[in-house]
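Asks: Build me a model from this:
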Amino acid sequence: MSARWRTALVLGRVSNLPTVWTDVLAGVALGGAQPTAGAVVPVSVAMSLAYVGGMYLNDAFDRGWDAKHRPERPIPAGLVTARTVFAAGFAMLGLALLILLFGPGDARAFVPGLVLAGLIVLYNIWHKGNPIAPLLMGLCRVAVYVIAARAATATMAPTLPVGAAFLLAYLIVLSAIARRETRSPRLPALVSWLIAGIALVDGAQLLALGWSGAALLCVAAFALTRFFQRRIAGT
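Replies: Numbering: from 1, shown residues only. Next up is the predicted model:
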């Protein structure tokens, strides 16, 4: 792998992407629609762009903090400029919104997509020292559920808010632990496991809805995330 490509993958924490795909899968089912490839794939592409773009912006906004606490990250290490990372991050967010606008669901997913983009930017600007940062992070993932459901169906089932609350609780705990990962050498490994565990949370919800095949895909996504995390750090 060339140094340039590895830098791009590290910036985007791409090892965690399978958990984004399972969020979309669960969101479609929780919304009351059938999680078919036509319903899941376009939104997964958009959400992948939003996730990677958000991770780019995270490094760009955190470059000063990383210079002191995580100098191995690409920007403080001098592997890429903050200006380039900002441009790429916002470009990916914009492309994600375009897919939602012209993709499945007659643009129903575009408005919650705008909300997600706003949450991503707000979190990245204001997560250091912000006591509600874990809530903001959790809401970003909940927004993926809503976007997937809105893209797949015009009328959402009552299972969506229940499932969203379950995911939100998990993400708040995960984010609260992740905020302390530089304080202990053991925490980064735990955080990586918990991030991969998002796929299992999605799988449990799909299993509860009767989608056992989709639940098995979530178990595979968990394993895939752990495999990738050994090559590209998930945090």
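
Asks: quick one: contacts of stretch 23-39?
Replies: Applying CB atoms under 8 Å, 6 or more residues apart in numbering, the contact partners of stretch 23-39 are 40, 43-44, 47, 104, 141, 144-153, 155-157, 159-160, 162-164, 167, 198, 202-203, 205-206, 209, 211, 214, 217-218. In this view, the C-beta of every residue, glycine as well, is placed from N, C-alpha and C.

Asks: which secondary structure element contains L135?
Replies: Secondary structure from DSSP states H and E places L135 in helix 133-152.

Asks: what residues does the following helix or strand past that helix touch?
Replies: Counting by DSSP H and E, the next helix or strand C-terminal to helix 133-152 is helix 159-178. With contacts defined as CB under 8 Å, 6+ apart, helix 159-178 is touched by 23, 26-27, 30-32, 133-135, 137-139, 141-142, 145-146, 149, 187, 190-191, 194-195, 197-198, 201-202, 205, 209, 235.

Asks: buried residues in the lowest-mean-pLDDT helix or strand in the chain?
Replies: Every helix and strand in the chain was compared by mean pLDDT, DSSP states H and E; the lowest is helix 63-69, with a mean of 89. Judged by neighbour count using 16 or more other CB atoms under 10 Å, the buried positions of helix 63-69 are 63, 66.

Asks: Residues touching it, excluding its own?
Replies: Residues from elsewhere that reach helix 63-69, judged by CB under 8 Å, 6+ apart: 59, 73, 75-76, 82, 128, 182.
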